[in-house]
Each structure stands twice: as C-alpha cells, then as structure tokens.
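J.: sequence first, predicted model second:
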Amino acid sequence: MTMTRITSPRPTGSTMYRFALSLLLLMITFKGINAQEFMNLDESCLAVVKTIFAAENSSKLLCQTPSGMYYIIPSVDHAWIKSKMISGELFSGETLLDIPLTTKVDRATQTLQMTEPPKLMFSDFGTRRNLAQTEGRRTVLAVRIMASNSAMSVDEGTLANSIFGGNGDKVNLRSQYLACSHNKLEFVPQSNRNGLTTNIRNGVVTIRVNLPKEAGHSRMVNAVSDEIYRQFRVTVGGIADHVMYCLPKGTFDGVGYAVMNRGLSVYNDDLCTSVSSQMHEVGHNLNLGHSSQGNEKYGDQSGMMGYSYRASESPKMCFNAAQSWQLGWYRDKSVSFTPGPSAGYSRTFSVASIVDYSSTSNDIIIEIPQARFKKNLYIGYNAAKGMNSEVREGQNKVVVFEKPFIDGNDSWRVADLDSGGVYSVSTFNGVVGNTLVIKVLSVNYQSGVAQVKVTLNGARPAPTPAPTPSRGRDPVPTSGNDFGLCQGSMEICSEDSDCCSGMTCRRISVSGSLSFVCRSVPKQDKEKLSRTSAMDWGNRRLRGDASAVGAERDELEDA
C-alpha cells in the first residue's frame, strides 16, 4: 500500500502578505464587534420586580428606564428581593436605584455589569399615585411578535377574542376580571392606531423585529419596545395601560412573567391566550404577589396567583382572600378585627363568598392584623359557583391565608376548614401565652354562609401600634404606642416625631391603600439625585409621548 503524504505548499512572499492582511482585518473585525458588546447606561433607573412563572426563586430585579428599557440587575437574588419587599425598603415601581450612568450594559443579555447590590432610594413619585389601579376601565394592547425566524403562533383575530371575548370565547381576561370584581374593573382594547408599517386593530398589533428567537426574551422584549416607539412615536409604557407581549415559541422556557405594579406582561407563545395565565400575569401588574401553600411555590390553587393552566377558557376562578382584600373590590363588606381590650377578645362573623358580594349583607373577608409581625391573617369562604365555579382547591371551605401587610408580597394558604374545623396561631402577634383560635361553627352550603368565630385566648395587652388601616378607610395615625414608645420601622405614624431616631414618617401602599408608616430609608433631596433623579420620572415627557409622567394616566410600564 502506498502512503500519500499531504503537504502544504511553502508560502511565497505574496501569500504570506495576503495571510497577514487577512489576519489583521479579522482582528479589527473582532475588535469592532467586542466594542459593540457593551454600552453605557444612559438613563436613570426605577426598581421593578419581575416575577417569572417558571421555577423556584423566580424574582428578578430590573432597572426600568424612562424610555421603556429593562435591564437585569445580577448582583441580587430572589431571597434579597423578597427580604427587601417584606421590610418595606423595596417597592416595585416606586423605589429609585442609585446606579452610576457609567455602568456597562451587556447588549446580548441586557444585563447591567454590577457585582454589588444597588442602593435603594425612596421617592415620592410612587406614593403620590396609586399605580396599581384596580377599578375603572384599563386599556390593553396585545403584541403579536414576529422574530426573524419564527412568529407567535396565534393570529391577531384569535388573540383579540381570547383577551376581550368574541367569536364564542366566553371566558377571557376581560370577562373574568369583570365578573370577579363585580363590574368594578374592566379591561378594554386599546383604540385603533396607525403606525409606519403596522397598525393597532381591536387591541392587537403585530410587531416584527430583526432578531432570531434564539436571542432570548430579555433582548427580544427591549427590541420590541424600540420598534413600538419607531412605529407609533410613543413608548410602550405610554401606548396602553397594560401591554401583553406574546413571544414566539422557543424564545424562553417559562410560562410567562410580568413586572409588578407596572403594565407589561410577557407570555410564551399561545399561553398568551390562556385565561389563567392572563389573570395571573396581569395580577402582578396590579401588584399581587404569588400564592403558595407550605413549601410549594404556586401551591395555592384556590385562586389565580398560584399555578396557571394551558386551557384557553378555564378554570373559572378569582383570587384568594388575602389578595381580594388588597384589590379592594369588596372593601365595604370586609372587616378588620384586632382582638384585644378595645375590640374584644372574641367575635363571631357571618362570612359569605365573593360570588355573592352584590347580593349579601354578610362579611366577605375578615382581616386579623399582627402588627408586630407585620403580617396579617385573612379569612374567606371559598364557594365553588358562578365565576369561581372551577376553583381547584379549598372548594366550599373556609380558607385562611397569611400575608405580609405590605402590598406586593406573596401570600400563603395555611388552612382549609369545614364545619367544626379549627386553626390556631400560638404566640399570636409575638406575645407568649396568646393563642388565636379560628373556629368554623357551621357552613350552610345552600345559603353560602359560614359562621366563623375568632377568639384570642390567654389575652394580654400586646405592646403594638394601632392596627393596619383597611383599604378605603383613612389611616388612623397614632403618636407613639400604648406605652409611650417611639414607632419602629413600618409602624403607623402621623408625623416624623412619632418615629424612632433615624426614621421619618412616609406614605406607602399598605393593604391596597396609602398609609403613613415610619421608614428607616432616609428621604433623598431631589437635588442630590442627578444620576437617578426622580425628576426624570415626574417632570419630563417620555420619548415623544403626548402626556407627561405624573399625570393621571400611567406613562410607565413593566417588563
């Protein structure tokens, strides 16, 4: 067998010259590409929390800019975010971030190059306005996204029907929110509008971007927002109250995500048509957290803020008692009871379902504050009928929930009680020897009313501030507490002198309304916020928007 040796010809002078020139051009090309991989952050940052409906530990902190861009902050994790939300230091859509404008942004991942947590700065911008408006008419724009190599699989007509109803679609975002709120909250299509090459019709628009689906959802979302501005000369935050991005399949692996207390929600392909996904993600826009049971995230299936389902028109259900209290739809038939010397140590309530709100004179939700723990208990009767007829768990039972009293935090389902059922809380409100007992005396399934007795046993006066005010009622400020002590962080106040040293009295969103509490975060002078100034949000117009931020209508959105 003859072996043939493969050899390369010896390079000549001209060959070597051409090789060297090619190598130099290649190096220059790569240098140019590398130069484009990063850019400087050139706008101020508002802190927004993105909740991803996918896996455990699913919260991300984002920098939202006035022009509608969203950049990931990698230097904090889920635990950090949740701890700051529970403590009241972080309010999605209200807290400003002190991030230098020289910070680099990774173009490929839309991630800020940061290794330390950002400084959180309190701003009056958020507290002047109830961003999460839960009553009235809210406009919605669904964006059907076409990448360079893939498109969202549902056509515009089907997408519009699945959100607003029509053509036989009877259970959708509009119909279910309208039913659950007893006609207090209605989502309507954004009005028709012509763009350069695409038009908004019946609340839906198709947007094309020159990116493959493999570019990822973070990059795709910002590219779509840029294209919306190019088409309509208005930022995505100003084009509608709520904007739903329907991404092509394969852009990301989760069900969807949304920004809390803002207007953007994002969905994986045809899950944009799933009524439970719509209710869940828009619920985050309304500043609702997730609902869990035990250690199972999304485990509470007695309402829409737990798991979602693929079906377009089911299940028909609403929100749990803790979230319903925050939404405020049943405020005139809900009661806050703080057992103690003033209100008494025991009380029996006749509790009806949210389904019967319009026809009953009974209570709908019972709140039991634990001011020292800064988290409350909520009691409701979960009737499986009407717009709640397909509720997955806790059907026709008295259901008890626990939730931090600051809006936006997650809730936990802690008990499902039939007639005779009892749920006890030892060391209630932090007082050793105090035990709260919730007992269901009876459930009348025909009338849909449960008799629930709440008792505080071994009661001793607890050194607590005044109870958290209910939504829709004026805050009840106090000067110090019952023992003449100063008020601690997140405790009710009327003026700065009520608060302990280093704190000031601030307005925040609590139990769905604005309340005055002591804040440990110092208020910043507007003049000192030149890099991340509240003025960017309160006193300027977004790129070409017709109305300024700070007007009655929200000009900013979520992602």
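T.: It's in. Just so we're clear, the structure is a prediction, and the values are computed from it rather than from any experiment. Numbering: from 1, shown residues only.
J.: and the end-to-end length of stretch 60-72?
T.: For stretch 60-72, the first-to-last residue distance is 7 Å (Cα to Cα, to the nearest Å).
J.: ok, residue 180 to residue 258 distance?
T.: 18 Å (Cβ to Cβ, to the nearest Å). C-betas here are computed from N, CA, C, even on glycine.
J.: hey, where'd the helices end up in the stretch 101-250 of the chain?
T.: Per DSSP state H, counting those that start in this stretch, the stretch 101-250 of the chain carries helices over the ranges 124-127, 156-164, 173-180, 217-232, 236-239.
J.: among these, which is the most enclosed?
T.: Mean neighbour count (mean count of other Cβ atoms under 10 Å) peaks for helix 236-239 among the helices of the stretch 101-250 of the chain, with a mean of 28.
J.: what packs against that helix?
T.: Here helix 236-239 touches helix 217-232, going by 3 or more Cβ pairs under 8 Å, 6 or more residues apart in numbering; DSSP states H and E.
J.: need the pLDDT of residue 204.
T.: As predicted, residue 204 sits at a pLDDT of 98.
J.: how much space between it and residue 176?
T.: 19 Å.
J.: residue 140 reaches residue 245, doesn't it?
T.: No. Residue 140 lies out of contact with residue 245 (Cβ atoms under 8 Å); the separation is 12.0 Å.
J.: the two: which is more packed in?
T.: Per other Cβ atoms under 10 Å, whichever of residue 140 and residue 245 has more neighbours is residue 245, with 28 against 24.
J.: residues contacting that one?
T.: 143, 145, 221, 224, 264, 265, 266, 267 (Cβ atoms under 8 Å, 6 or more residues apart in numbering).
J.: now these: which count as buried?
T.: Among those, the ones that count as buried by 16 or more other Cβ atoms under 10 Å are 143, 145, 221, 224, 264, 265, 266, 267.
J.: can you redo those residues as JSON lines with pLDDT and distance to residue 237?
T.: Output for the buried ones among the contacts of residue 245, formatted as JSON lines (pLDDT from 0 to 100; distance: Cβ to Cβ, whole Å):
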{"residue": "143", "pLDDT": "98", "distance to residue 237": "13"}
{"residue": "145", "pLDDT": "97", "distance to residue 237": "17"}
{"residue": "221", "pLDDT": "95", "distance to residue 237": "13"}
{"residue": "224", "pLDDT": "97", "distance to residue 237": "13"}
{"residue": "264", "pLDDT": "95", "distance to residue 237": "8"}
{"residue": "265", "pLDDT": "96", "distance to residue 237": "13"}
{"residue": "266", "pLDDT": "95", "distance to residue 237": "14"}
{"residue": "267", "pLDDT": "96", "distance to residue 237": "18"}
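J.: next, the nearest residue to residue 134 once chain neighbours are set aside: phi, psi?
T.: Distances taken as Cβ to Cβ, 6 or more residues apart in numbering put residue 327 closest to residue 134, at 4.9 Å, once the chain neighbours are dropped. Main-chain dihedrals, residue 327, degrees, to the nearest 10: phi -60, psi -30.
J.: quick one: the helices in the stretch 301-450 of the chain?
T.: Under DSSP H, counting those that start in this stretch, the stretch 301-450 of the chain gives helices at 321-327.
J.: now do the strands in it.
T.: Along the stretch 301-450 of the chain, counting by DSSP state E, counting those that start in this stretch, strands occupy 334-336, 346-352, 365-368, 375-381, 398-404, 411-417, 422-426, 435-444, 449-457.
J.: as JSON lines, the ones you listed with mean pLDDT and mean neighbour count would be great.
T.: What follows is the strands of the stretch 301-450 of the chain, written out as JSON lines (pLDDT from 0 to 100; neighbours: other Cβ atoms under 10 Å):
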{"stretch": "strand 334-336", "mean pLDDT": "95", "mean neighbour count": "19"}
{"stretch": "strand 346-352", "mean pLDDT": "97", "mean neighbour count": "18"}
{"stretch": "strand 365-368", "mean pLDDT": "96", "mean neighbour count": "24"}
{"stretch": "strand 375-381", "mean pLDDT": "95", "mean neighbour count": "26"}
{"stretch": "strand 398-404", "mean pLDDT": "96", "mean neighbour count": "24"}
{"stretch": "strand 411-417", "mean pLDDT": "96", "mean neighbour count": "22"}
{"stretch": "strand 422-426", "mean pLDDT": "96", "mean neighbour count": "15"}
{"stretch": "strand 435-444", "mean pLDDT": "96", "mean neighbour count": "17"}
{"stretch": "strand 449-457", "mean pLDDT": "96", "mean neighbour count": "20"}
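J.: want to throw those into CSV with distance to residue 272?
T.: As requested, these are exported to CSV (distance: least, Cβ to Cβ, whole Å):
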stretch, distance to residue 272
strand 334-336, 33
strand 346-352, 35
strand 365-368, 31
strand 375-381, 30
strand 398-404, 29
strand 411-417, 26
strand 422-426, 38
strand 435-444, 39
strand 449-457, 37
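J.: right, and the ones you listed - which one's nearest residue 505?
T.: Shortest distance between residue 505 and those, using Cβ to Cβ, is found for strand 398-404: 20.1 Å.
J.: can you give the contact residues for that closest one?
T.: Residues beyond strand 398-404 that count as contacts (Cβ under 8 Å, 6+ apart) turn out to be 85-86, 289, 291, 300, 302, 320-323, 351, 374-382, 409-418, 421, 423, 438, 440, 443, 450, 452.
J.: if we use 7 Å, what do you get?
T.: 86, 302, 320-322, 351, 374-382, 409, 411-417, 423, 438, 440, 450, 452 (Cβ atoms under 7 Å, 6 or more residues apart in numbering).
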